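Visitor: Model the following, please.
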Amino acid sequence: MEGAPETGSARKSSALAGGPPSRARGARGRGKRTKGVFLKALGAAIKGNVEREWFGSPPHRATISRPRPVGLAAHPHDPRPVDPERGRQLLDGLMVLDGGALRLGETGDPFDQPSPTRQFAAALHGFDWLPHLLAAGPGSARLALRLLQDWRRVFGTWNVFSWSGERLERRTFHLACAAKALAPEASDAEIAAMALDIARGARQLLKASDAPGRKLERAVVVAIAGCALTGKVSDRLMVQGLKRVGALLDATVLPDGGHASRSPQAGLELLFDLLTLDDALGQRGRPAPEGLGRAIDRLSSSVRFFTLADGCLAAFQGGEAVEPRRLAAALAHDDHGPRPPQAAPHVGYQKMQGGSLQVMADAGPPAVGALSAAACAQPAAVEIVFGKDRLITSCGWSPEATGANAFRLSDAASTVSVGDGSAGRPLSGWRAEALGPWLIDGATEVEVKRHDADVGVWLDIIHDGWRRLGLTHARRLYLDIKADELRGEDSLLPVGSANPDGPRRYLPFSVTFHLHPDARASLARDGKSVLIKGPSNVGWWLRNDAVDVHIAPSAHFDHGHARRAGAIVLKSQVRPEKGAKIRWKLARAADH
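Guide: Numbers count the residues shown, from 1 in each chain. The predicted model follows:
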């Protein structure tokens, strides 16, 4: 599948085995890549314009509307936890979605008035409110049927926003899971309309090309939609969906269970969808495609691997720190699964476990192409947890944080930044509109070396994300189990044929440690050491040999909304011809 990442363990860095490429050759390579992205964006823009014109036409609407489904069959179970309180709020006339709220009253129509935020609108048209409403008790089914009619009246034919991207995918999924539960309260005409909505949504998912990075997720929804319906329509959608699922599973779910996008949260959400599909196929008495059970087992193991000691998910590569309740729901089918290993080399992450400290490190190159729409240019980033306290994290950016692509850059994670640049950048302008905000110019070569011993764990990560500056970043971590402390060394190493006696050019560089919003830091009198405390009030000293140290304001995203946080920034300078390093140590404060 396009964009499936390789890890450093699977390939050798050219800078470490056989010598680095020259700067001139690197520039030519960047030029070819830029031209390739330009041509892909041009092709996608043309195709997208043609598709939008066709999808909005009466002939296309007729194509996805026939043949009509006969009725409803299975009631697929989505294991995601629901919040009945949100449903009760909607019954009382208040719709709360993704941090936004809309007062509807008793008969208000949310689809015929402006949404408070884009995130709210996406959740509204994705029918994210439907499972919560159905859990609210008496009256919920009738209100749901009315809201479905309201949506159908305004957007049921075609709309670019409502009928594209994850909105179409999630709406079809939620409706397929809810239709059977709504049927007892629905008239024959309402049941027929719901069945047609499901069939039209699934057929549109098979035809549209606007979300190439979610091919597997879309195929899963098509198969679930087929299970929810009856008749020839059902059989055809199941066959088409399952054929695509079988072809895409192994490319998307890597051998260690990681999602090919490298987002831990993307793997979690795919696990939920596959569990729903497995349940729906069981209800219909249909055999699961080869590899479905294996993918579920691998994804379950990966969720366990990415669950940190505070009970939340590691927040890397466009994924947020998902809460424990949601993780427990994903693993309820297999709550006694095997303990995962400490390394996930295929997806590119390493976990280090000490006495009370736990470290998760991003040890792979970011995804490329269509799978990189949420990727972050943050190689060698770390998260550090003490007990239940997440001390060091990243900004936790996710695609829900609309317009905040700057948080995908290097300085938004706990890693190294050089100058005012980044080890990769998202597309912008018309190319981003055509392809999505792909990440380009990110690290391509990552080498990982790990050594586990009784006394501690060594981890070396070396990447070429700063190759345009003639530098390689090497991060060495040592977790001392006996002393219960973490020592780090961040080195910038020269590559290429730079002349050490040439003109001196100094670049500022920094090692940043982003604090979780629940953690706080204070600078010691020496102006260098920093005391960090989490909710448990246990103190940790971050000592270092940086030239300058300061605490800066930062942000941490939760469900796409920023929370105020802080960041510890260790600063120095580097000559690309000479290299430089900053050493640091995190140790428990003796008086705490």
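
Visitor: For the longest strand belonging to the chain, name the packing helices and strands.
Guide: The strand that spans the most residues within the chain, counting by DSSP state E, is strand 561-574. Under the contact criterion of 3 or more Cβ pairs under 8 Å, 6 or more residues apart in numbering; DSSP states H and E, strand 561-574 touches strand 507-515, strand 520-523, strand 548-558, strand 580-588. C-beta coordinates here come from the backbone N, C-alpha and C atoms, glycine included.

Visitor: do you know which of those strands lies nearest G354?
Guide: For the helices and strands packed on strand 561-574, proximity to G354 was assessed by Cβ to Cβ; strand 580-588 is nearest, at 10.4 Å.

Visitor: contact partners of that closest one?
Guide: 356-357, 384, 483-492, 509, 511, 532, 538-546, 570, 572-574 (Cβ atoms under 8 Å, 6 or more residues apart in numbering).

Visitor: and K40, how many residues sit next to it?
Guide: The local packing of K40 (other Cβ atoms under 10 Å) involves 16 other residues.

Visitor: List the contacts of it.
Guide: Residues in contact with K40 (Cβ under 8 Å, 6+ apart) are L435.

Visitor: likewise the one 4 residues further on?
Guide: Residues in contact with A44 (Cβ under 8 Å, 6+ apart) are A434, L435.

Visitor: what phi and what psi does the backbone show at it?
Guide: For A44, the backbone dihedrals (degrees, to the nearest 10) come out as phi -70, psi -40.

Visitor: Same check on I198?
Guide: phi -60, psi -50.

Visitor: residues near it, how many?
Guide: 29.

Visitor: repeat for R294
Guide: Other residues near R294 number 14, with proximity taken as other Cβ under 10 Å.

Visitor: cool, and L531?
Guide: Counted with other Cβ under 10 Å, L531 comes out at 15.

Visitor: Contacts only, for the closest residue to G100 other than its chain neighbours.
Guide: Among residues not flanking G100 along the chain, F120 sits closest, at 3.6 Å (Cβ to Cβ, 6 or more residues apart in numbering). By Cβ under 8 Å, 6+ apart, the contact set of F120 is L97, D98, G99, G100, L102.

Visitor: If any of the residues you listed are buried, give me the ChimeraX selection for them.
Guide: The buried residues among the contacts of F120 can be selected in ChimeraX (16 or more other Cβ atoms under 10 Å) with this line:
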select :97,98,100,102
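
Visitor: and of the contacts of F120, the nearest to E166?
Guide: Nearest to E166 among the contacts of F120, with distances taken as Cβ to Cβ, is D98, at 12.5 Å.

Visitor: Sort out for me which of the contacts of F120 are in strands.
Guide: Taking DSSP E, the ones among the contacts of F120 that sit in strands are L97, G100, L102.

Visitor: Kindly reformat the residues you listed as JSON lines containing distance to W438 and pLDDT.
Guide: As requested, those are exported to JSON lines (distance: Cβ to Cβ, whole Å; pLDDT from 0 to 100):
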{"residue": "L97", "distance to W438": "28", "pLDDT": "93"}
{"residue": "G100", "distance to W438": "28", "pLDDT": "89"}
{"residue": "L102", "distance to W438": "33", "pLDDT": "96"}
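
Visitor: so which strand or helix has P399?
Guide: Element membership of P399 [criterion: DSSP states H and E] is none; it lies in no helix or strand.

Visitor: I'd say it and E320 touch.
Guide: No: between P399 and E320 there is no contact under Cβ atoms under 8 Å: 10.0 Å.

Visitor: And those two? Which one has more around it.
Guide: Higher neighbour count among P399 and E320: E320, with 25 against 22, using other Cβ under 10 Å.

Visitor: Using the three-state scheme, assign that one.
Guide: coil (DSSP: H, G, I helix; E, B strand; the rest coil).

Visitor: Repeat that for the one 10 residues further on.
Guide: Recorded secondary structure, A330: helix (three-state DSSP).

Visitor: What is the neighbour count of D109?
Guide: 15.

Visitor: likewise the one 4 residues further on?
Guide: Each residue near Q113 was counted by other Cβ under 10 Å, and the total is 9.

Visitor: For M194, see how far away it is.
Guide: Using Cβ to Cβ, to the nearest Å, one obtains 24 Å as the distance from Q113 to M194.

Visitor: Verify the assumption that R505 is located in a strand.
Guide: No: applying three-state DSSP, one finds R505 to be coil, outside a strand.

Visitor: Report pLDDT for it.
Guide: At R505, the pLDDT value in this model is 86.

Visitor: Pretty sure it sits against P576.
Guide: Yes: when contacts are counted by Cβ under 8 Å, R505 is listed as touching P576 (6.6 Å).

Visitor: Of the two, which one has the most company?
Guide: Counted by other Cβ under 10 Å, R505 and P576 do not tie: P576 has more neighbours, with 22 against 12.
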